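Chemist: From the sequence below, what's the structure:
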Amino acid sequence: MSLNDTFTILLMIAFCILIIALFSIAATNVSRNAKRDHNVLREEKIRLQGSTPDSINDLTTALWQKNEPLPDDLTNSHVFLSEQYINNKFFHGRVDQVFKLANGQLIVIGTKLRKYHGIYLSDKIQISVYAQILKDTYRESISDHGYICTTITSGSRKGEEKYHKVVLLTSQQLKEYAIKYRKIRSGQHVPQCTCNGKMTHT
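Modeler: Sure thing, here's the model as predicted:
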């Protein structure tokens, strides 16, 4: 193989890597924007509780008619945080939404875009971590449960939402997961899948 041939192959490989990277960035942005759209819609539904779909713009109307009603305990709530970075001494992350309930409690909502309605243990851990950060950061009481809102991304049910009520992990349980995570990162523990990668369908 000549030097020119080698150089041409390297250029082709570099070009392919560039295309893959650009596609990955674009896909991430699309997913982030789609989640933001649904978060905004949820805020709008909260604000317009008791209104008829006719009073809302065309996009919201179409989604409103297709989506599941908001959980009862979100009635008369309002947005406390939306897509905001939060952190404490041990954890950090960008919470999708936090609502303040009528009783003054804060409740965490996670938004997931999926092919099917269902949740993973990792979803429960994630919103439990966010709830723990809120406990360490704000004076308000934190609800002992949260919601994962799954949105179908394709097929005839595209755009359909479902709210999954999740009982949050305790501080002790989070501590145990954090210790296990550090052991995995350091190579002291080899993780094993106990669910064959399956989610909990509800």
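Chemist: average model confidence for the helix or strand where residue 131 lies?
Modeler: Assigned by DSSP states H and E, residue 131 falls within helix 121-137. What helix 121-137 shows for mean pLDDT is 94.
Chemist: Toward the C-terminus from it, list the very next helix or strand.
Modeler: Downstream of helix 121-137, the first helix or strand assigned by DSSP H and E is strand 145-152.
Chemist: Give the buried residues for the helix holding residue 131.
Modeler: By 16 or more other CB atoms under 10 Å, the buried positions in helix 121-137 come out as 123, 124, 125, 126, 127, 128, 129, 130, 131, 132, 133, 134. The C-beta positions use only the backbone N, C-alpha and C, and glycine is treated the same way.
Chemist: Let me know the closest of the residues you listed to residue 82.
Modeler: Distance to residue 82, by CB to CB, is smallest for residue 130 among the buried residues of helix 121-137, at 12.6 Å.
Chemist: and the gap between that closest one and residue 83?
Modeler: 12 Å (CB to CB, to the nearest Å).
Chemist: Spit out the residues that contact these two alike.
Modeler: Common neighbours of residue 130 and residue 83 (criterion: CB atoms under 8 Å, 6 or more residues apart in numbering): residue 95.
Chemist: Could you identify the most distant pair in the buried residues of helix 121-137?
Modeler: Pairwise distances across those (CB to CB) peak at 16.9 Å, for the pair 123 and 134.
Chemist: one step back: so can I have TSV of the buried residues of helix 121-137 showing distance to residue 78?
Modeler: Compiled in TSV, the buried residues of helix 121-137 are given as follows (distance: CB to CB, whole Å):
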residue	distance to residue 78
123	24
124	25
125	27
126	23
127	19
128	23
129	23
130	18
131	18
132	22
133	20
134	16
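Chemist: So residue 118 sits against residue 152, correct?
Modeler: No - using CB atoms under 8 Å, residue 118 is not in contact with residue 152; the gap is 10.8 Å.
Chemist: what are the ranges of the helices in this protein?
Modeler: 3-47, 58-66, 121-137, 171-186 (DSSP state H).
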